[in-house]
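Engineer: any chance you can model this:
(one chain, ligands or ions: 2)
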Amino acid sequence: MTCEHSGCSLNAFSTCTNHCKQNVCLEHLIEHGDRFLHDFTNLLDQLDKSTSNLTTEMTNCATQVSQE
Ligand SMILES: [Zn+2]
Ligand SMILES: [Zn+2]
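Structural biologist: Numbering: from 1, shown residues only. Ligands and ions are numbered 1, 2, ... in the order given. You can find the predicted model right below:
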C-alpha cells in the first residue's frame, strides 16, 4: 500500500488516526501530525479568547447589576 497523501508514492507507514484517517508514509504522518497540532493549538487559542470574552461580559454584567 502506498501513501494516500496526494502526489506521494512512498510506502504507507501508518494511519493518520487523529487527522484524515488515511494511510500515509512516515514523512506525511509527521506532517499531518504537525498540522493537527497546529489546528488544535489554534482551537485552544480561540477557546481561550472566547472564554476571556465571556469573563469580560460577566464582569460587565456584574458591574451593571451592582450599579442599579
Ligand atoms: Zn492526515
Ligand atoms: Zn507520503
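Engineer: average pLDDT for stretch 57-68?
Structural biologist: Computed over stretch 57-68, the mean pLDDT rounds to 86.
Engineer: then it to PDB, C-alphas only?
Structural biologist: The C-alpha trace of stretch 57-68 is given here as PDB (Å, rounded to 0.1, in the frame of the first residue of the first chain):
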ATOM      1  CA  GLU A  57     -19.000  40.100  29.600                       C
ATOM      2  CA  MET A  58     -19.800  38.600  33.000                       C
ATOM      3  CA  THR A  59     -17.800  41.300  34.800                       C
ATOM      4  CA  ASN A  60     -19.600  44.000  32.800                       C
ATOM      5  CA  CYS A  61     -22.900  42.400  33.700                       C
ATOM      6  CA  ALA A  62     -22.000  42.200  37.400                       C
ATOM      7  CA  THR A  63     -20.800  45.800  37.400                       C
ATOM      8  CA  GLN A  64     -24.100  46.900  35.800                       C
ATOM      9  CA  VAL A  65     -26.200  44.900  38.200                       C
ATOM     10  CA  SER A  66     -24.300  46.300  41.200                       C
ATOM     11  CA  GLN A  67     -24.800  49.800  40.000                       C
ATOM     12  CA  GLU A  68     -28.500  49.600  39.800                       C
END
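Engineer: which secondary structure state is assigned to the residue positioned nearest the centre of the chain?
Structural biologist: Nearest to the mean C-alpha position of the chain, by CA atoms, centre = their mean, lies Phe40 at 2.1 Å. Phe40 carries the three-state label helix when classified by DSSP: H, G, I helix; E, B strand; the rest coil.
Engineer: how much space is there between it and ligand 1?
Structural biologist: From Phe40 across to ligand 1, the span is 13 Å (CB to the ion, to the nearest Å). For the C-beta atoms, the positions are set from N, CA and C on the backbone; glycine is no exception.
Engineer: return the residues in contact with that residue.
Structural biologist: By CB atoms under 8 Å, 6 or more residues apart in numbering, no residues touch Phe40.
Engineer: the one helix or strand Asn53 maps to near ligand 2 anywhere?
Structural biologist: Asn53 belongs to helix 26-67 when assigned by DSSP states H and E. Yes. Contact of helix 26-67 with ligand 2 (CB under 5 Å from the ion) involves His28.
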